[in-house]
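Peer 1: Task: produce atomic coordinates for the following.
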Amino acid sequence: MRCKYAMPFGVELGPDATAHFRLWAPGATEVAVEVTSGQTRIGAALTAVGDGWFATGLKNLRAGDRYGYRIDGGLLVADPASRFNPDDVHSTSMIVDPLEFVWNELAWYGRPWEQAVIYELHVGTFTAAGTFLAAIERLDHLAALGVTAIELMPIADFPGTRNWGYDGVLPFAPDAAYGTPKDLKCLVQAAHARGLMVILDVVYNHFGPEGNYLHVYAPTFFNPAHRTPWGAAINFDGPGSRTVRDFFIHNALYWLEEYCMDGLRLDAVHAIVDQTQPDFVTELCAAVRSRTLPGRHVHLILENDSNQARYLGRDASRRPILATAQWNDDAHHAAHVLVTGETDGYYADYAERPLWYFGRCLAEGFGYQGEPSAFRSGEERGDPCLHLPPAAFVSFLQTHDQVGNRAFGERIGHLAAESKLRAAIACWLLAPSPPMLFMGEEFNASTPFLYFCDFGPELSAAVAKGRREEFARFERFSSPQLRDAIADPSAPETFLRSKLRWDEAEKNADWADLYKHCLLLRHQYLMPLLAQPTPSGAFTVDDERLLAVDWTLGEHARLHLRANFGDIPSARLQCPRGQALFESEAIVVDDAGFTRLGPFSVLYTLETQQFK
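Peer 2: Next comes the predicted model:
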């Protein structure tokens, strides 16, 4: 099987060795393409074909040839739709023939969403080598753990050799620091061979601060009337926005069809400013749904701080209409406060009753469903979501954001008491919502995940200064000496310190055993039930110590959670019906059917029978 996604952007290599070049440059008067093919250099003017487009065709070119666009006789730029830029974002692009790669997975159609157990990873720090091919060496570990999907942090070409990925400027080009397009396809194919889906994190709300030249020849790519945390917003709703919208919609389809990705995670859609109807997110999701072949499973996950339920609706057959699910930050924030006691920043919204919010997230989805947020100066946040299934909410205890945006990159295992954290892990992994792990958490990795980048000298210095000034707002960083201890994002050592130490997977096997045990139970007992009619949940919290959650899983099963997050045993409770699925050692059940939950203990029971 060979896969190629045809699009109006970039360069397409025809079967007759003719390369067809197209560039949208509404701000340019003339555009020329300069090609290096072996020892030969070729230059040709592109013809203006209307609506800001320039195009030409050149014969006798081949995959591997380099090319760039000369704008108005001056600046030479990479193709914004480059499939590969071997020498980084400031250099020329490479012609790639996608049909050269042969896929060996004719029977792969993905996996149903109810089987999702996601593992977020950063390619550069996941292994010592930090490449697509090196990541393959750890896939067996993930499959044995019980993971069914890997989620790659953004890989779009960014400036330098190290970056989180959210500073990408060439959205169609896998970053050369990680390998070639062929290497990425090998990783996807190797994952599929092990039953692992591959989800790619994509960024459609901004470009990085270095290496983006669109403002020179396509200024209408941006709409200065709107602002984002990263500057002028991408133009999704002003004059010329049709081409801009198409650029990103084609990008989504390109990753799904040419690279056989199983899904996309759309970064920070709340930062996409679009006042048109349908808005960009709706249009993109609809385009993906319309092109997905029958029988193939493609999943779209949103990051959306606004907690908007409208993107998460289901049709009469319980299939997603637009997005499949959303990252549930509320679940993370509530759990973090619950097990660490931290209440700075956005954690303040969960400080008074973290267990209540945690229970609400497990049972209903969003923690905030229209209530005022103190962190947002009383602004109401979120939509009611009781009509949505748990499958619409991806839950987690760690992500790159919540670890890496800390001053010292501490993981939750560095901050929480082990007894509290283990209780939260069991509650989370066996709840119906699809769980997501952050790389290394399954063995309680000691390595931090720090913020790192590799910009030019002036920008690097500004980023380091800005990061330290950002933390100066917090009382614990009032000391200049402590702020100086915050790692310089541009220092190579900051990146190297963030790499996982895989010898810890064996040293900390007791942590991995907990994850494996819970995920094995999830696979054996819960996944078959999650495919049934929409699950529903209800919860109660007693004294911010005792949590009870009950889910109906279709017509034939009920799942019950009882947990004690207090440091003293509970009073005698009525034991929930069903067979014990997970039971902490500190739980005692007497002959009368009553149970006493020890400190930080968890009990899950499962009823499987016909209900009336």
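Peer 1: Run through the helices of the stretch 51-200 of the chain in chain order.
Peer 2: 123-126, 132-136, 139-145, 181-193 (DSSP state H, counting those that start in this stretch).
Peer 1: Over to the stretch 501-612 of the chain?
Peer 2: 504-507, 509-521, 527-530.
Peer 1: so who does the closest residue in space to residue 149 that isn't next to it in sequence touch?
Peer 2: Counting by C-beta to C-beta, 6 or more residues apart in numbering, residue 149 lies nearest to residue 197, which is 3.8 Å off, once chain neighbours are set aside. Where C-beta positions appear, they are placed from N, C-alpha and C, glycine not excepted. Residue 197 is in contact with 110-111, 116, 148-150, 191, 262-263, 297, 299, counting by C-beta atoms under 8 Å, 6 or more residues apart in numbering.
Peer 1: now do residue 384
Peer 2: Residue 384 touches 309, 369-370, counting by C-beta under 8 Å, 6+ apart.
Peer 1: Am I right that it is in a strand?
Peer 2: No - if the criterion is DSSP: H, G, I helix; E, B strand; the rest coil, then residue 384 is coil and not within a strand.
Peer 1: out of the contacts of residue 197, who has the most neighbours?
Peer 2: residue 116 (28 neighbours; other C-beta atoms under 10 Å).
Peer 1: which ones are touching the residue lying closest to that residue once chain neighbours are set aside?
Peer 2: Nearest residue to residue 116, sequence neighbours excluded (C-beta to C-beta, 6+ apart): residue 434, at 4.0 Å. Applying C-beta under 8 Å, 6+ apart to residue 434 gives the contacts 113-114, 116-118, 325, 391, 393-395.
Peer 1: need the contacts of residue 384 in a markdown table with pLDDT, secondary structure and distance to residue 410, can you?
Peer 2: Output for the contacts of residue 384, formatted as a markdown table (pLDDT from 0 to 100; DSSP: H, G, I helix; E, B strand; the rest coil; distance: C-beta to C-beta, whole Å):
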| residue | pLDDT | secondary structure | distance to residue 410 |
| --- | --- | --- | --- |
| 309 | 97 | helix | 33 |
| 369 | 97 | coil | 30 |
| 370 | 97 | coil | 33 |
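Peer 1: Now flag whichever of those residues is closest to residue 55.
Peer 2: residue 309 (43.0 Å; C-beta to C-beta).
Peer 1: Tell me how many other residues surround that closest one.
Peer 2: 20.
Peer 1: wait, isn't residue 103 in contact with residue 182?
Peer 2: No - Residue 103 is beyond contact range of residue 182, at 11.4 Å (criterion: C-beta atoms under 8 Å).
Peer 1: picking up where we left off before, now the two most distant members of the contacts of residue 197.
Peer 2: Of all pairs in those, the most separated under C-beta to C-beta is 150 and 297 at 15.1 Å.
Peer 1: rewinding a little: among the contacts of residue 434, which are located in strands?
Peer 2: 118, 325, 393-395 (DSSP state E).
Peer 1: how about the strands in the stretch 301-450 of the chain?
Peer 2: Remark: strands assigned in the stretch 301-450 of the chain by DSSP state E, counting those that start in this stretch are 325-327, 371-373, 379-381, 393-396, 435-438.
Peer 1: contact partners of the first one?
Peer 2: In this case it means strand 325-327. Counting by C-beta under 8 Å, 6+ apart, 113, 265, 299, 301-304, 307, 311-312, 391-394, 396, 399, 434, 436 sit against strand 325-327.
Peer 1: can you rerun that using 7 Å?
Peer 2: Strand 325-327 is contacted from outside by 301-304, 312, 391-394, 434, using C-beta atoms under 7 Å, 6 or more residues apart in numbering.
Peer 1: what's the answer for the third one, then?
Peer 2: Contacts made with strand 379-381 from outside it, assessed by C-beta under 7 Å, 6+ apart, are listed as 307, 368, 370-373.
Peer 1: Compile these into JSON lines and extend it with columns for distance to residue 169 and neighbour count.
Peer 2: Output for the contacts of strand 379-381, formatted as JSON lines (distance: C-beta to C-beta, whole Å; neighbours: other C-beta atoms under 10 Å):
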{"residue": "307", "distance to residue 169": "30", "neighbour count": "22"}
{"residue": "368", "distance to residue 169": "34", "neighbour count": "23"}
{"residue": "370", "distance to residue 169": "38", "neighbour count": "12"}
{"residue": "371", "distance to residue 169": "39", "neighbour count": "12"}
{"residue": "372", "distance to residue 169": "38", "neighbour count": "13"}
{"residue": "373", "distance to residue 169": "33", "neighbour count": "15"}
